[in-house]
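[1] After the sequence you'll find the predicted model.
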Amino acid sequence: MSSHVMIHLLQNNKTMTTRILTRQIQTTTTKRPPSSSYQQQSHRHFSNFSFIDESSTKKQKTASNKTALILGSSGILGKTIVQHLSHDLQMTIIGADVIDPVKKKDIDALDAFIPLQHTSNATELTKSLSLGMRNINDGKEKVVMVDAIICASGGWEGDPTSSYLPGRLLEEDGITPEMAAEEWGKVLDKMLQMNLHPVLAAGNVASTHMANQGLFVAFGATAALMPTPGMAAYGAAKAATHQYIQTLGAMTGLGIGHNKIRKDAKKFRRGKPYLDDMTAVAILPTMLDTPTNRKFATRKDDFNAWTKPIDIAEEIGKWVVEPYLRPSSGSLIKVYPPRFQPGDDDSDGGWSKSTFGQVR
């Protein structure tokens, strides 16, 4: 085993650890309705923003026979998704991140963990993740398959101011064009490494470890649907994520598009059965309520109007448990932040949960 790519089998929860190492993953656990019914129900779900329609007081079905791989499992969003899928849905969870889990609650929620190098380029990251999944399968008669791959890793950084300054001003500050170019390159590399490379690496893992009726989720950004002055590197990485999900979705049997795309995709799927009924979706938040984002808040910001990570985790959970609730494969799903609902004579009102709508 490579010295820098190891599988951490979390021994403090032996029952869960044993389950991922010894059980045979069922790959046909949910029977999907006929395609016409599937698309109709999906359309109704998203046209009505059913996250609010389906009351959170209803107990969500469990998915104890399903497994998920979550990249970015040590971040706030990733940890929230891990906790929901593990504790609420009773799923088997494989985490992967550049930061090892530290808190007992986070460790207990994982069945296995794949540590990744912080400075990995796309090639190294893809190889590390693939090797990590292979090591989990060492000694097993059958390959451990995953029912969902969720890429929750990501990050933001604005463009360096030097990249927008005229050469004269740079020289006055003692900054050479070469120094400015290096600074811009570092920000670009960082945004690609944090936001795009994990998605591409996860797509490669899907080709070998995705079970039937698989779910592939990546995180884009609402801002990247439009030009992003001052954060071109971030916008480019997120826009590339959107394009990849749309392309991956078009290659699946559940993808939508004009006839030529569907015809070409059908040829590509030959010998790749995991694509027949896989759903690829990109979730596009506006502002997540996380400690890091709060640091950049202004006095005018109301945190009640920011999307809570648990809202996203619960929506993903619904897609895992009920495949017919998933949007069309290749969709970009915008997260609409909570809104204040005025009260009436019988109630004081309050803030809604975030809602979800298909934008592409």
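    Arrived safely, thanks for sending.

[2] Going by C-alpha atoms from here, please, whenever you check contacts or count neighbours.
    OK.

[3] Tell me where the stretch 101-250 of the chain is predicted with low confidence.
    Scanning the stretch 101-250 of the chain for pLDDT under 70 picks out the ranges 165, 167-170.

[4] Would you map the strands across it?
    With DSSP state E, counting those that start in this stretch as the definition, the stretch 101-250 of the chain shows strands at residue ranges 112-115, 146-151, 210-219.

[5] Against which helices or strands is the first one packed?
    Contact analysis of strand 112-115 by 3 or more Cα pairs under 8 Å, 6 or more residues apart in numbering; DSSP states H and E lists strand 8-9, strand 92-97, helix 122-136 as its packing neighbours.

[6] Between those, which one is closest to residue 285.
    Among those, the nearest to residue 285 by Cα to Cα is strand 92-97 (20.9 Å).

[7] what's the average pLDDT for that closest one?
    Across strand 92-97, the average pLDDT comes to 96.

[8] Tell me what angle that strand forms with strand 146-151.
    For strand 92-97 against strand 146-151, the angle by axes from the mean of the first three to the mean of the last three Cα atoms, to 10 degrees is 30 degrees.

[9] partner strands of strand 92-97, parallel or antiparallel?
    Neighbouring strands of strand 92-97 in its sheet, by DSSP bridges, are strand 67-71 (parallel), strand 112-115 (parallel).

[10] next one: the first one to chain centre, how far?
    Just to be clear, that refers to strand 67-71. From the chain centre to the centre of strand 67-71 is a distance of 10 Å (Cα atoms, centre = their mean, to the nearest Å).

[11] Report the mean confidence score over that strand.
    97.

[12] Can you name every helix or strand that the very next helix or strand once past that strand contacts?
    Counting by DSSP states H and E, the next helix or strand C-terminal to strand 67-71 is helix 76-83. With contacts taken as 3+ Cα pairs under 8 Å, 6+ apart, helix 76-83 sits against strand 67-71, helix 309-321.

[13] Try it again at 7 Å.
    helix 309-321 (3 or more Cα pairs under 7 Å, 6 or more residues apart in numbering; DSSP states H and E).

[14] tell me how far the helix it packs on is from the chain's mean position?
    11 Å.

[15] separation between the closest residue to residue 210 other than its chain neighbours and residue 69?
    Spatially, and ignoring its direct neighbours in sequence, residue 210 is nearest to residue 146 (5.1 Å; Cα to Cα, 6 or more residues apart in numbering). Computed with Cα to Cα, to the nearest Å, the distance linking residue 146 and residue 69 is 7 Å.

[16] neighbour count winner among the two?
    residue 69 (29 against 25; other Cα atoms under 10 Å).

[17] correct me, but the more buried one touches residue 92?
    No - Residue 69 lies out of contact with residue 92 (Cα atoms under 7 Å); the separation is 8.8 Å.

[18] before we move on, the earlier item: may I see the helices and strands packed on strand 112-115 arranged in JSON lines, with distance to residue 154 and mean neighbour count as well?
    Converted to JSON lines, the helices and strands packed on strand 112-115 look like this (distance: least, Cα to Cα, whole Å; neighbours: other Cα atoms under 10 Å):
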{"stretch": "strand 8-9", "distance to residue 154": "22", "mean neighbour count": "19"}
{"stretch": "strand 92-97", "distance to residue 154": "11", "mean neighbour count": "26"}
{"stretch": "helix 122-136", "distance to residue 154": "14", "mean neighbour count": "19"}
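
[19] and of these, who's closest to residue 229?
    Minimum separation from residue 229 across the helices and strands packed on strand 112-115 (Cα to Cα) falls at helix 122-136, 25.8 Å.

[20] any idea how far the closest one is from the chain center?
    Helix 122-136 has its average C-alpha position 18 Å from the chain's average C-alpha position, going by Cα atoms, centre = their mean.
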